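**Student:** Provide a 3D model corresponding to the input given below.
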Amino acid sequence: MLISRVYRNNNFYTKIKLPSLLYNKYLIKLQPNSSSIIHGHDYTGKFMLIHGKMHEIIYDENEFKKKSKKS
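**Tutor:** Numbers count the residues shown, from 1 in each chain. Prediction:
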């Protein structure tokens, strides 16, 4: 199990790599009111919110415009 703490612009999150033979699985703990820069992922991933609330803005990668919002 690999544990890392990532710091960026006064925000940080803790990322724990979970054991899996087929997939990369992580448990990620975000701090209250944390945010991230606009970024993408090169795979189709899934996530589950265990506790709290999250606001996500999804951008169209071809047009770099807001596509939809999830809360």
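
**Student:** low-scoring pLDDT stretches of this structure, where are they?
**Tutor:** 1, 8-9, 42-45, 61, 63-71 (pLDDT under 70).

**Student:** how would you label the residue minimising distance to the centre of it: helix, strand or coil?
**Tutor:** Compute the mean C-alpha point of the chain, and by Cα atoms, centre = their mean the closest residue is Ile28, 7.5 Å away. Recorded secondary structure, Ile28: strand (DSSP: H, G, I helix; E, B strand; the rest coil).

**Student:** Tell me who's in contact with it.
**Tutor:** Neighbour list for Ile28: Tyr13, Thr14, Lys15, Ile16 [criterion: Cβ atoms under 8 Å, 6 or more residues apart in numbering]. Backbone N, C-alpha and C define where each C-beta goes, glycine included.

**Student:** Which one of these is nearest to Lys53?
**Tutor:** Tyr13 (15.5 Å; Cβ to Cβ).

**Student:** Could you count how many residues lie near that closest one?
**Tutor:** 15 (other Cβ atoms under 10 Å).
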